[in-house]
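[1] Okay, sequence plus prediction incoming.
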Amino acid sequence: MKVLVINSGSSSIKYQLFDMLDKSVLAAGLLEQVGEAASRLTHHFRDVHGAMLKTVKTQPVENHQAGFELMATVLKESGTLGESAELYGIGHRVVHGGEKYHEPTRINPEVIETIRQLIPLAPLHNPPNLLGIEVALAAAPQVPQVAVFDTAFHQSIPPWAFHYALPQHLYEEHHVRRYGFHGTSHGYVAKQAALHLNSPLESLNLITLHLGNGASVTAIENGRSIDTSMGLTPLEGLIMGTRSGDIDPAIIFYLGSQAGYAADEVESLLNKQSGLKGICGVNDMREISRLANKGNETAKLAIDMYCYRIKKYIGAYYAALGRVDALVFTGGIGENAADIRSRCCAGLSRLAIEVDENKNGRQTRGIFEIQSPKTPIKVLVIPTNEELEIAEQTVERIQINTLL
Ligand code: ADP
């Protein structure tokens, strides 16, 4: 049972081909710099003996259409997918599903039109997502295709948490509200936490911290998202690689009136030049840790600020939930940076959150627990796998639709 997962960005196409019988990865690839003179495709695939091999192709790829054709060619050449008819389904990552989509949805012309109408809310993401869907539908019209939305998991957030304190007509006419993102990742690690703890997800209260280049934290009550740090856009909340996260909104007007910034310059500043990069000039946490260990003051400040912001959110979501069963770290930083995990939880033992430094330092593959034996709240490190979650949701959705 082969399922192809596609994440189509503005200048890149990521894909993974799964065998859903054993959930193994048959092939995975990244095509970068679509539309530029030297596009580069890195393709990993499993050969007949089960070994993972890699091929790299550097050639001009004019557009997404050509990109998908190249993907189909390498899948065929590597013997992982002869033709599209072998596919049980295709799952597409779609960033914004607005208020309409609470769950993965089988793609049809109406769904395509809705994703198009949502472009103003995600102008950088929904257009390339849509392009991926259109090209895949044209190439494989007989294969069921499913849209899996980053926002869907957060549609359970109640009104008092999703509204901004702005005039109501802005919500009614312009859809200004908190949507939240990274939903596929938060939902996936929540399910994994439930399996690991051997408790039904519906009875678990969790705080999930997705700390990658983008970063967000979600409060999960009885298995459902009740609040999350990203808002109308992925700019709000935690400090990220290049995004500021929460700031006083008046800074924007101040930059306009006092520092001569135009609106689009402020937007770019907050999204691309701020966050860790703005504080210390570097956005890669490994490099920042290295600099901080060598005594670099701005790198140390960046880590202090990063962890402090996370800790504030842990406190806020603890209060929102009232009872927390587990704290979950995921994403490149959450899964690998033991010192960051430790700093985010430092001083929280009165809240029954305490990290055992031995366990925390013993980095293992897969899921591991790092809480101190004295404390009831579990602190878990759970590798995220958004692609597998999209593949699973794709299968589930196709099976439900078949039964209907
Ligand atoms: P994305 O959001 O693009 O998927 P990732 O989840 O891969 O990103 O996270 C990227 C971040 O994870 C980078 O800041 C990187 O430095 C950090 N990271 C990866 N491995 C480590 C590590 N061993 N220690 C500290 N940070 C790490």
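    All right, it came through fine. Residues are numbered from 1 along each chain as shown.
[2] could you say which helix or strand contains the residue in the chain that the ligand sits nearest to?
    Proximity of the chain to the ligand (C-beta to the nearest ligand atom) peaks at residue 332, 2.1 Å away. To be clear about C-beta, it is placed using only N, CA and C from the backbone, and glycine gets the same treatment. Assigned by DSSP states H and E, residue 332 falls within helix 331-336.
[3] do the same with residue 327
    Per DSSP H and E: strand 326-330 holds residue 327.
[4] Parallel or antiparallel, list what pairs with that strand.
    Neighbouring strands of strand 326-330 in its sheet, by DSSP bridges, are strand 206-211 (parallel), strand 378-381 (parallel).
[5] Get me the contact residues on the stretch 101-250 of the chain for the ligand.
    212, 213, 214, 241 (C-beta under 6 Å from any ligand atom).
[6] Could you tell me the end-to-end distance of stretch 358-374?
    End-to-end distance of stretch 358-374 (C-alpha to C-alpha, to the nearest Å): 14 Å.
[7] what about it, near the ligand?
    No: Stretch 358-374 is not in contact with the ligand by C-beta under 6 Å from any ligand atom; minimum separation 8.0 Å.
[8] Helices of the stretch 251-400 of the chain, residue ranges please.
    263-272, 275-280, 285-293, 297-321, 331-336, 338-345, 357-361, 386-403 (DSSP state H, counting those that start in this stretch).
[9] what's the second one in contact with?
    Residues from elsewhere that reach helix 275-280, judged by C-beta atoms under 8 Å, 6 or more residues apart in numbering: 239-245, 282-283, 285, 288, 291, 296, 298-299, 301-302, 305-306.
[10] sorry, back to before: the residue of the chain closest to the ligand contacts residue 215, correct?
    No: the pair residue 332 / residue 215 is not scored as a contact, 9.8 Å apart, by C-beta atoms under 8 Å.
[11] Which one's more surrounded, those two?
    residue 215 (28 against 18; other C-beta atoms under 10 Å).
[12] what about the closest residue to the more buried one other than its chain neighbours, which SS state?
    Closest residue to residue 215 apart from its sequence neighbours, by C-beta to C-beta, 6 or more residues apart in numbering: residue 238 at 4.2 Å. Here residue 238 is coil, with the state taken from DSSP: H, G, I helix; E, B strand; the rest coil.
[13] follow-up on the earlier one: tell me which residues touch the residue of the chain closest to the ligand, please.
    Residue 332 touches 211, 212, 213, 285, counting by C-beta under 8 Å, 6+ apart.
[14] Tell me the secondary structure of the third one, please.
    Right, the one you point to is residue 213. Residue 213 - assigned by three-state DSSP - is coil.
[15] looking at it, it is touching residue 239, isn't it?
    No: counting by C-beta under 8 Å, residue 213 stays clear of residue 239, with 11.6 Å between them.
[16] Looking at those two, which has the bigger crowd around it?
    Between residue 213 and residue 239, counted using other C-beta under 10 Å, residue 239 has the larger neighbour count: 23 against 16.
[17] Might you report the residue contacts of that one?
    Counted by C-beta under 8 Å, 6+ apart, residue 239 has contacts 215, 245, 275, 276, 279, 302, 305, 306, 309.
[18] okay, among the residues you listed, which ones form the most distant pair?
    Spatially, the most separated pair among the contacts of residue 239 is 215 and 279, at 14.1 Å (C-beta to C-beta).
[19] neighbours around residue 386, how many?
    Residues near residue 386, counting by other C-beta under 10 Å: 21.
[20] and what of residue 330?
    26.
[21] pLDDT score for the spatially most central residue of the chain?
    With distances taken as C-alpha atoms, centre = their mean, residue 182 lies nearest the centre of the chain, 3.5 Å away. Looking at residue 182, its pLDDT reads 96.
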